[in-house]
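Participant: Structural data only, the sequence is not supplied:
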Ligand SMILES: [Zn+2]
């Protein structure tokens, strides 16, 4: 067991107490947003809801979601980013621009992006010197990940991305103990250092890394951990809302943050799915200045509800399992590419596959097209597919070259008249 003191006491509260505390915080947030952020008030009014109606998490989940893909347009609908902000621009610390453009206000509240508990869980401690290789220019990443390091009492080298020789010089001349950035970039730094005759384990002092912004495979993580003799942990969040979830030392998923409400919801209705099922990540940060209540991120995940040996009681997200855009509703049932992949993984003979949905004669038809090298037990494949996806496909063997739309995993050819 590696029980450790968490950064916030709420992280290890018994689950029921934790939920009660989060509920009281979201009630306070909703009342504040209703009074000060006109866009939220309109959303509530249109749904016939008032802050006093939020008597529990079920009632909270009836607030219609705000879809990330609608955020850009919503921000243009008037002052204070379309009434999404509850303060004037001059009361903020920074304003960033993300692709879209979407504007990302940064509150002056301490730990405003909420990453400090994540960095603490990863192993960052006071007195560290940390090299931050996220961009400080226009987008929030650099400053967003600098904030928790100051909160924890670390010094930061604002290295930014690129210029690898300088990154290596910093790592070899200064006692840098922590890295923040993308794992793939840390690997490039290590490879370059090896080429230069350095040994990243001996010549650098890196002990802990916090990474984000790309898929982290098991093999990449262990390769880079070995290369530097360090521990790497990842976080999940967005430029709009900051921290959503993060890994502890035990791995096995990313704990939901205690600085907001993490829900897994039906991508269409916005209502929570059954515990443990796949759905869209919907997040509410407790941020009064920019209260993005129930932001539907477009990312798919599911809760792993197993107790974690670290002692944190928040459920863990089972990684990011895809994007909502990569799903289709077939015969009234959501089909997720991640679930199909799980089913197909039982059949190593399958070298390539895709799911094609169409509707000849107005009726949904689902086909699994696949290329295979050896004999296949088609009945077993159908059963496995049905067990994972709750849908029964037609099977169609083909050559890998014959997959449609460049081998896209999910092709939706349905037409509606
Ligand atoms: Zn844990």
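Facilitator: On my side now, so go ahead. Worth saying up front: this structure is predicted, and the values here are computed from it rather than measured.

Participant: buried sites along the longest helix along the chain?
Facilitator: Longest helix in the chain, counting residues (DSSP state H): helix 15-36. Across helix 15-36, burial judged by 16 or more other C-beta atoms under 10 Å covers 18-19, 22-23, 25-27, 29-30, 32-34, 36. All C-beta spots, glycine's among them, are computed from the backbone N, C-alpha and C.

Participant: State the mean pLDDT of that helix.
Facilitator: Averaging pLDDT along helix 15-36 gives 97.

Participant: Remind me what that helix packs against, helices and strands.
Facilitator: With contacts taken as 3 or more C-beta pairs under 8 Å, 6 or more residues apart in numbering; DSSP states H and E, helix 15-36 sits against helix 38-46, helix 57-60.

Participant: Include mean neighbour count and distance to residue 222 when you put those helices into a markdown table, please.
Facilitator: Output for the helices and strands packed on helix 15-36, formatted as a markdown table (neighbours: other C-beta atoms under 10 Å; distance: least, C-beta to C-beta, whole Å):
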| stretch | mean neighbour count | distance to residue 222 |
| --- | --- | --- |
| helix 38-46 | 18 | 44 |
| helix 57-60 | 15 | 38 |
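
Participant: out of these, which comes closest to the ion?
Facilitator: Shortest distance between the ion and the helices and strands packed on helix 15-36, using C-beta to the ion, is found for helix 57-60: 22.1 Å.

Participant: what's across from the residue positioned nearest the centre of the chain in the sheet?
Facilitator: The centroid of the chain falls nearest to residue 236 when counting by C-alpha atoms, centre = their mean (3.8 Å). Listed by DSSP bridges, the beta-bridge partners for residue 236 are residue 245.

Participant: That one against residue 317, yeah?
Facilitator: Yes. If you go by C-beta atoms under 8 Å, residue 236 and residue 317 touch, sitting 6.7 Å apart.

Participant: give me the element residue 255 is part of.
Facilitator: strand 254-256 (DSSP states H and E).

Participant: Give me the angle between the next helix or strand after that strand and helix 15-36.
Facilitator: Per DSSP H and E, strand 254-256 leads on to strand 260-265 as the next helix or strand towards the C-terminus. Going by axes from the mean of the first three to the mean of the last three C-alpha atoms, to 10 degrees, strand 260-265 is angled at 100 degrees with respect to helix 15-36.

Participant: helices or strands up against strand 260-265?
Facilitator: In terms of contacts (3+ C-beta pairs under 8 Å, 6+ apart), strand 260-265 is packed against strand 242-246, strand 279-285.

Participant: Could you export these to CSV, including columns for distance to the ion and mean neighbour count?
Facilitator: Listed next are the helices and strands packed on strand 260-265 as CSV, based on distance: least, C-beta to the ion, whole Å; neighbours: other C-beta atoms under 10 Å:
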stretch, distance to the ion, mean neighbour count
strand 242-246, 9, 27
strand 279-285, 18, 26
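
Participant: hang on, the earlier thing: ok, the residue nearest to the centre of the chain - contacts?
Facilitator: Contact partners of residue 236, counting by C-beta atoms under 8 Å, 6 or more residues apart in numbering, are 212, 244, 245, 246, 254, 299, 317, 320.

Participant: Return the closest of those with respect to residue 73.
Facilitator: Closest to residue 73 out of the contacts of residue 236 is residue 299 (20.0 Å), distances taken as C-beta to C-beta.

Participant: does that closest one count as helix, strand or coil?
Facilitator: Following DSSP: H, G, I helix; E, B strand; the rest coil, residue 299 is assigned to strand.

Participant: So what sits opposite it in the bridge?
Facilitator: Bridge pairing for residue 299 - DSSP bridges - gives residue 323.

Participant: So the nearest residue to residue 408 once chain neighbours are set aside versus the ion, what's the distance?
Facilitator: Of all residues beyond its chain neighbours, the one nearest residue 408 is residue 354 (6.2 Å), with distances taken as C-beta to C-beta, 6 or more residues apart in numbering. In this view, residue 354 and the ion are 36 Å apart by C-beta to the ion, to the nearest Å.

Participant: The ion versus the residue nearest to residue 284 when sequence neighbours are not counted, what's the distance?
Facilitator: Excluding the flanking residues, the one nearest residue 284 by C-beta to C-beta, 6+ apart is residue 261, at 4.3 Å. Between residue 261 and the ion the distance is 19 Å, computed by C-beta to the ion.

Participant: per-residue pLDDT, the residue in the stretch 151-300 of the chain positioned nearest to the ion?
Facilitator: With C-beta to the ion, the shortest gap between the stretch 151-300 of the chain and the ion falls at residue 248, namely 3.3 Å. On pLDDT, residue 248 comes in at 97.

Participant: Give me every residue in the stretch 201-350 of the chain lying close to the ion.
Facilitator: Neighbours of the ion within the stretch 201-350 of the chain, by C-beta under 5 Å from the ion: 248, 250, 308, 310, 312.

Participant: Take the residues you listed and lay them out in a markdown table including secondary structure, distance to residue 141 and neighbour count.
Facilitator: Listed next are those as a markdown table, based on DSSP: H, G, I helix; E, B strand; the rest coil; distance: C-beta to C-beta, whole Å; neighbours: other C-beta atoms under 10 Å:
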| residue | secondary structure | distance to residue 141 | neighbour count |
| --- | --- | --- | --- |
| 248 | coil | 22 | 27 |
| 250 | coil | 26 | 16 |
| 308 | coil | 27 | 18 |
| 310 | coil | 26 | 21 |
| 312 | coil | 25 | 26 |
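
Participant: Show me what residue of the stretch 51-200 of the chain gets nearest to the ion.
Facilitator: Here the residue of the stretch 51-200 of the chain nearest the ion is residue 121; by C-beta to the ion that distance is 7.3 Å.

Participant: need the contact list for that residue.
Facilitator: By C-beta under 8 Å, 6+ apart, the neighbours of residue 121 are 6, 7, 233, 246, 247, 248, 249, 255, 310, 312.

Participant: change it to 7 Å
Facilitator: 246, 248 (C-beta atoms under 7 Å, 6 or more residues apart in numbering).

Participant: For the residues of the stretch 201-350 of the chain next to the ion, give me JSON lines that also has distance to residue 281.
Facilitator: JSON lines is the format used below for these (distance: C-beta to C-beta, whole Å):
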{"residue": "248", "distance to residue 281": "19"}
{"residue": "250", "distance to residue 281": "21"}
{"residue": "308", "distance to residue 281": "19"}
{"residue": "310", "distance to residue 281": "21"}
{"residue": "312", "distance to residue 281": "18"}
